[in-house]
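**Student:** predicted model follows, preceded by the sequence.
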Amino acid sequence: MNLSKPIPPSFNSTRLLIRRYRREDEDFLYAAARESIREMFPFLPWCHPDYDRDDTAGWLDMAETNWREGAAYSFAIFSDDGSHFHGGCGLNKIDDHPVANLGYWIRTSSTGQGLATEATIALAAFGFVELGLQRIEIIMSTENIASREVAIGAGAVEEGILRQRLLLHGRPHDAYLYSLVKDKR
């Protein structure tokens, strides 16, 4: 994707500050991931039982490289005053059509408050306005009920089930495909 303007490093929703990850987020990210392994590991293998600070530092380095190259835009989700880290979201697999994949996760202690849905709505708007996307896809295992509820709550439309679309822990998973399109949210 060829963008002629700089990508804003942050934006807000009603209750959230959503901003580009920084190196100083390492402690927040590490603690939230460790807290959430049991819930996230089945669907997000990066959050595994042996997750350590090297994983966090490596991911932050990769997020910085991806941002600089325009390959992916990863954001930390904070309370609106920036005092509490809730999780992360991002746009990746950005192509020339222009389409991107949207992902999200919320730490265990912050779930059940609608934060993932709010962040998804705000991130989709960011993608349409700032990146010029025409379509955003959300793909999740058919076993990931919580993620499906977020997609539905954000107004995404179910387009179908993709057979064996994901490989999680060596096992193929069917996946729901949800989409948001520009001017049809």
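**Tutor:** That came through, no problem.

**Student:** need the strands for the chain, in chain order.
**Tutor:** Per DSSP state E, the chain carries strands over the ranges 10-12, 16-20, 73-79, 85-92, 99-106, 135-141, 157-168, 171-181.

**Student:** mean neighbour count and distance to residue 49 added to those, as TSV?
**Tutor:** For glycine as for every other residue, the C-beta is placed from the backbone atoms N, C-alpha and C. Listed next are the strands of the chain as TSV, based on neighbours: other C-beta atoms under 10 Å; distance: least, C-beta to C-beta, whole Å:
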stretch	mean neighbour count	distance to residue 49
strand 10-12	14	32
strand 16-20	19	28
strand 73-79	22	23
strand 85-92	22	19
strand 99-106	22	16
strand 135-141	21	19
strand 157-168	12	15
strand 171-181	18	17
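
**Student:** including mean pLDDT and distance to residue 121, could those strands go into a markdown table?
**Tutor:** A markdown table is the format used below for these (pLDDT from 0 to 100; distance: least, C-beta to C-beta, whole Å):
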| stretch | mean pLDDT | distance to residue 121 |
| --- | --- | --- |
| strand 10-12 | 97 | 11 |
| strand 16-20 | 98 | 10 |
| strand 73-79 | 98 | 12 |
| strand 85-92 | 98 | 11 |
| strand 99-106 | 98 | 10 |
| strand 135-141 | 98 | 11 |
| strand 157-168 | 98 | 14 |
| strand 171-181 | 98 | 9 |
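
**Student:** quick one, which of these gets closest to residue 47.
**Tutor:** Taking C-beta to C-beta, strand 99-106 is the member of these nearest to residue 47, at 7.7 Å.

**Student:** OK, contacts around residue 73?
**Tutor:** Residue 73 sits next to 7, 20, 66, 67, 90, 91, 92, 131 when contact means C-beta atoms under 8 Å, 6 or more residues apart in numbering.

**Student:** residue 34 versus residue 133, what's the distance?
**Tutor:** 33 Å (C-beta to C-beta, to the nearest Å).

**Student:** these two: who's more crowded?
**Tutor:** Between residue 133 and residue 34, counted using other C-beta atoms under 10 Å, the more crowded position is residue 133 (23 against 15).
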